[in-house]
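[1] model the following, please.
(one chain, ligands or ions: 1)
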Amino acid sequence: MATVLSNSPIFSNSSSNSTATSLDCKYIVKSSNDELGDGNFSIVKKCQNTLTGGYFAMKKVHKNLLKGKMQLIQREINLLQFLSQKIRQIENESSEDSINNLFDGHHHVLQLFDYFETKNSIILITQLCEKGDLYEKIVSNSCLDLNRQVVPYTACLISALGFLHDNDIVHRDIKAENVLFRRNMINSSTKNSETTVLDYDTSSHDLILADFGLATHIHQNDPNSKALKEYVGTMSYIAPEIVCCRNVSMMDSKQLKNLKPYDEKIDIWALAVLVYFMALGYTPFDCDNDEETLDCISKNDYYIDEDLKDDPKFKQFWDFLKICFQIDSKKRPSMKKLQSHPFVNKFFPNSLSQLNTISEYIESPIPSDLTPPTPFLKRSSSTYSLKSPSKTPSGFHLFDSSSKTSKSTYNYSSSPLTEISSSSSSLLNKPSMSPSILTEPAIVITTTMQTSRLQPNLRRTSSLTNVNNSKSKVLHSSNSTINKVKKNSTFILEPVPPKTSLMNGCLSTTPKVLSRKNSAASLVLSIENDSIVAQPINNSILSENRSHPKPIFTIDDYVDNENNL
Ligand SMILES: Nc1ncnc2c1ncn2[C@@H]1O[C@H](COP(=O)(O)OP(=O)(O)OP(=O)(O)O)[C@@H](O)[C@H]1O
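    Sure thing, here's the model as predicted:
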């Protein structure tokens, strides 16, 4: 893995930085409203490189949130840098045709362009994905169209994960919230002249897998590494083998030794959960409480809607899920094999010829006693509780998928993470199930369930102002139509910014925020000798600012004022 940060003071604590020389920041945030999202550790804003004019996403992680866990953000940067180098290498070595292959995995992995450290924060500059995320898309539409959206999105995710796995990286947090849609690079004139009609949602071309905060290398050289025994991920999406790691921090050395490390197949399980969520609008294993959910995951006990079970339109969908939801991870197919599944194989003309039976997708045939039990319906209206941090050796804890909806507040410190407040909303409203149902799975469908199956996150849905719901032109699909759009692919990689325009891991002044709130200022920012300086409007390189001179704040001022972090 590439070593980064060697020439930088990055990740030292702020007090020890006080004597370090810092460069002027080469990025600005143009408005305090330019927030793209936030996570448990970060706030993400749109920014502009002041030397190139290029737009990026700026992920700002406050050092206070990382006390004692600096290695986590360092691991994320190392992985992203490693992947970005791989992407460029592939692009350089590929022929024009393969560069433009819309469903190539490396096009769908978030690129890191730059990173640096300020007094209070670690900052990552990544590809800008300002077209919303998959979670918003699903929730705002109740569910996605199976053929037009779910299938191409799944194909892109298979490719992206295949790319990661080929490079020995496991993502460990595949979920709708971590699938973003990139800024569309095609200019409007090109778009209008495009005559090709496709039978799938072309926003799939812009799909980007993000958030590598939990990603790690699969083949650890260090035999004592505990990374692949960590209890991490998002509750609804974790595989049975992660459930086995639940009490890892309380295990003695013998138990720990007997605990099998998991591998990249956990991403395949999570992918299947996501495919299910896209198609149906609710997740397959969620129950009243964590205990029940974990129990259902361990038993591979997922809900199948009886109305859809025999619907011919869903045949390949159920079959796809069946081969991915295998308790024994070895029986789950690799991403490569999944490409040949009829559910998605029209997007992979070069995939293996179609495999016919489940056993052809897996390493070994499924013994009859391991055939997944008939799933049953579970409903609840509860809020997930977060796991006690003491159970998580790595300092991570298992984040609940509903945290995105309930916006739980967490108290970060070097002491274990604790949930300090939480709303009661839950993605699913499901009634509790009796213990007898647990031991005797059966399909149970009630009218109540049919009407209340999806009551997601009203807060999120009410604020969906930036969801890209544009319906794509529909009709036919064939390899030839896929090829036709290659020439106008959205997969134009952002040009590599010149080295002089990058911060390259150095210690920096905090990025400036150009606020539009107060128009009284008579100066705008400009660049001289790689530094941002205030100067008369007409001389500014930032043409958009000319008619809107703005007061200048640092991003730390903004964040502190907002009490966001
Ligand atoms: N490159 C990007 N472009 C646009 N928006 C982004 C980008 N990266 C992240 N975001 C937005 O910011 C949110 C938080 O980012 P991210 O998930 O990387 O942070 P995190 O602190 O690691 O989150 P989590 O706590 O979920 O792990 C994302 O859900 C997304 O909405």
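[2] what about Leu79, distance to the ligand?
    When distance is defined by CB to the nearest ligand atom, to the nearest Å, Leu79 is 12 Å away from the ligand. For glycine as for every other residue, the C-beta is placed from the backbone atoms N, C-alpha and C.
[3] so who does the closest residue to Tyr302 other than its chain neighbours touch?
    Using CB to CB, 6 or more residues apart in numbering and skipping the chain neighbours, the partner closest in space to Tyr302 is Pro284 (3.7 Å). Neighbouring residues of Pro284 by CB atoms under 8 Å, 6 or more residues apart in numbering: Val273, Tyr276, Phe277, Tyr302, Tyr303, Leu321, Phe325, Pro375.
[4] the fourth one is in contact with Phe325, isn't it?
    Yes - with the criterion set as CB atoms under 8 Å, Tyr302 and Phe325 qualify as a contacting pair; they are 6.3 Å apart.
[5] and Phe277, that one's in a strand?
    No - with the criterion set as DSSP: H, G, I helix; E, B strand; the rest coil, the secondary structure at Phe277 is helix rather than a strand.
[6] what is the burial count for the residue nearest to it when sequence neighbours are not counted?
    Nearest-residue entry for Phe277: Thr283, 5.1 Å, with adjacent residues in sequence omitted and distances by CB to CB, 6+ apart. If you count neighbours by other CB atoms under 10 Å, Thr283 ends up with 24.
[7] and for Met250?
    Using other CB under 10 Å, Met250 has 11 other residues around it.
[8] check what pLDDT the closest residue to Ser159 other than its chain neighbours gets.
    Closest residue in space to Ser159, ignoring its immediate chain neighbours: Gly105 at 3.6 Å, by CB to CB, 6+ apart. You'll see Gly105 listed with a pLDDT of 88.
[9] contacts only, for Gly105.
    For Gly105, the residues meeting the contact criterion (CB under 8 Å, 6+ apart) are Ile158, Ser159, Ala160, Leu161, Gly162, Phe163, Leu164, Asp166.
[10] narrow those residues to those in helices?
    With DSSP state H as the criterion, helices contain Ile158, Ser159, Ala160, Leu161, Gly162, Phe163, Leu164, Asp166 from among the contacts of Gly105.
[11] can you put those in TSV and add pLDDT, distance to Val243 and neighbour count?
    As requested, those are arranged in TSV below (pLDDT from 0 to 100; distance: CB to CB, whole Å; neighbours: other CB atoms under 10 Å):
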residue	pLDDT	distance to Val243	neighbour count
Ile158	97	24	27
Ser159	95	28	27
Ala160	96	25	27
Leu161	97	21	26
Gly162	96	25	23
Phe163	95	27	22
Leu164	96	22	26
Asp166	94	27	15
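[12] export those residues to CSV and tack on distance to the ligand?
    Shown next, in CSV, are these (distance: CB to the nearest ligand atom, whole Å):
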residue, distance to the ligand
Ile158, 21
Ser159, 19
Ala160, 14
Leu161, 17
Gly162, 21
Phe163, 17
Leu164, 16
Asp166, 23
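[13] shouldn't the residue nearest to Phe277 be within a helix?
    No - secondary structure assignment (three-state DSSP) places Thr283 in coil, not in a helix.
[14] so where do the helices sit in the stretch 151-300 of the chain?
    151-166, 188-193, 240-243, 253-258, 265-280, 290-298 (DSSP state H, counting those that start in this stretch).
[15] distance to Met70 added to the ones you listed, as JSON lines?
    Putting the helices of the stretch 151-300 of the chain into JSON lines (distance: least, CB to CB, whole Å) gives the following:
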{"stretch": "helix 151-166", "distance to Met70": "24"}
{"stretch": "helix 188-193", "distance to Met70": "43"}
{"stretch": "helix 240-243", "distance to Met70": "25"}
{"stretch": "helix 253-258", "distance to Met70": "25"}
{"stretch": "helix 265-280", "distance to Met70": "25"}
{"stretch": "helix 290-298", "distance to Met70": "29"}
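[16] quick one: closest of those helices to Ala210.
    Proximity of these to Ala210 was assessed by CB to CB; the nearest stretch is helix 151-166, lying at 10.1 Å.
[17] which residues are contacting that closest one?
    Helix 151-166 is contacted by residues 83, 86, 103-109, 134, 144, 170-171, 174, 179, 200-201, 204, 207, 209, 215, 218, 264, 267-268, 271, 274-275, 278, 320, 334-336, 338-339, 343-344, 346-348 when judged by CB under 8 Å, 6+ apart.
[18] got it, and stretch 260-273?
    154, 157-158, 161, 164-165, 169-175, 218, 228-229, 233, 236-242, 244-245, 283-285, 320-321, 324-325, 329-330, 332-335, 338.
[19] show me how to select, in PyMOL, the buried members of those residues.
    What follows is the PyMOL syntax for the buried subset of the contacts of stretch 260-273, where burial is set by 16 or more other CB atoms under 10 Å:
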select buried, resi 154+157+158+161+164+165+169+170+171+172+173+174+175+218+228+229+233+236+237+238+239+240+241+242+245+283+284+285+320+321+324+325+329+332+333+334+335+338
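[20] return the residues in contact with the residue in the chain positioned nearest to the ligand.
    Ranked by CB to the nearest ligand atom, the top residue of the chain for proximity to the ligand is Gly39, at 1.9 Å. Residues touching Gly39, when contacts are defined by CB under 8 Å, 6+ apart, comprise Asp211, Gly213.
[21] all further residue positions should be reported with the first residue as 588.
    Sure, I'll start counting at 588 from here, so that last one is Gly626.
[22] get me the contact residues on the stretch 588-737 of the chain for the ligand.
    The stretch 588-737 of the chain comes close to the ligand at residues 623-629, 631, 644, 646, 697, 713-717, 720, as judged by CB under 6 Å from any ligand atom.
[23] buried ones among the residues you listed?
    Applying 16+ other CB under 10 Å to these, the neighbour count classes 623-624, 626-629, 631, 644, 646, 697, 713-717, 720 as buried.
[24] and what about Glu678, helix, strand or coil?
    In terms of secondary structure, Glu678 is helix; the call rests on three-state DSSP.
[25] that one - how many residues pack around it?
    If we define neighbours as other CB under 10 Å, then Glu678 has 16 of them.
[26] cool, and Gln661?
    16.
[27] could you look up the SS state of it?
    Of the three states, Gln661 takes helix under three-state DSSP.
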